[in-house]
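[1] sharing a model prediction with you, sequence too.
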Amino acid sequence: MSKERPLIGANGLPLPIMPPERDVRVWAKLTRVVVYTPGFLALLLLKVGEPTGFGITVELLMLASTAAIVAGLFIGTQSNEAGADHSSRVAAWSGGLVLELLCAVPILCAVPGLFHELANSKLLHSTVQGAVAVPLGVTELLPAVAILPFMLYQLAGFGTLHYVVPRIVNWVINLGILGLILGSTAANRMGSFGVEKALVSALVIAMALVVFYGVIKLRQMQIEFDANAPQKPVKDAK
């Protein structure tokens, strides 16, 4: 059975509620997947797509790939052993924030545009004389449904952000993510690539700021927790 963390510090005040311990190996494996998959998709899109229809899909995929490398750097420094400092104790959670907000969010934003480009690429689909092109219509948005379990992940308390900001702020951030992704997707479909670029840029900048704040906040919470956590009684040597 897992040990419960103390809730009240030695100073009599409530301790910060830290995220639960994570299996670093799972996040490390996910990091490797996120490094390669978006990069491959970006190269595929560059080869078969039409540049005017890209929007900034390729940039989003490359952002996810490179951010995964940074997440791996964070996760690789996780340690709770003797000599570990405050930063090492929150490294896995910090890497998780990078994966959630600078890898998963850009991929979710890029997928609708990516599918649209691949589905309509004239280089991938050879035209047959007499064949009737059947438009996919609204079914092109099916890949975007992945945003729904992501929202559930964030708002039901699974995400790391849940422990960093108040509940109402968490809702505002995630509803903002949803709105910006839907808005950029609509702009892409209407060919308003300038609007799409502005919305996606706002999304990426906001995620970068949230990650920066979250990493600093996690470290401050760990410092406060370590400074005020009640000390375990020393067992008498027999």
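    The structure has been received and is ready for your questions. Numbering: from 1, shown residues only.

[2] quick check, central residue of the chain?
    By Cα atoms, centre = their mean, the chain has its centre lying nearest to residue 100, at 1.9 Å.

[3] so what's the closest residue in space to that residue that isn't next to it in sequence up against?
    Residue nearest to residue 100 in three dimensions, not counting chain neighbours: residue 159, with 5.7 Å by Cβ to Cβ, 6 or more residues apart in numbering. In this view, the C-beta of every residue, glycine as well, is placed from N, C-alpha and C. When contacts are counted by Cβ atoms under 8 Å, 6 or more residues apart in numbering, residue 159 touches 100, 153, 170.

[4] possible to save these as TSV with distance to residue 35?
    Below are these laid out as TSV (distance: Cβ to Cβ, whole Å):
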residue	distance to residue 35
100	16
153	21
170	27
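
[5] tell me the mean pLDDT for the lengthiest helix in the chain?
    Secondary structure of the chain per DSSP state H: the longest helix is helix 193-228. Mean pLDDT, helix 193-228: 90.

[6] which helices and strands sit right next to that helix?
    Using 3 or more Cβ pairs under 8 Å, 6 or more residues apart in numbering; DSSP states H and E, the elements in contact with helix 193-228 are helix 57-76, helix 86-89, helix 91-98, helix 105-119, helix 167-189.

[7] what angle sits between the lowest-mean-pLDDT helix or strand in the chain and helix 57-76?
    Least confident helix or strand, the chain: helix 24-48 with a mean of 76, by mean pLDDT, DSSP states H and E. Computed with axes from the mean of the first three to the mean of the last three Cα atoms, to 10 degrees, the direction of helix 24-48 lies at 160 degrees from that of helix 57-76.

[8] got the angle between helix 24-48 and helix 105-119?
    30 degrees.

[9] tell me which residues of helix 24-48 come out buried.
    Buried residues in helix 24-48, counted by 16 or more other Cβ atoms under 10 Å: 24, 27-28, 30-31, 34-35, 38-39, 41-42, 44-45.
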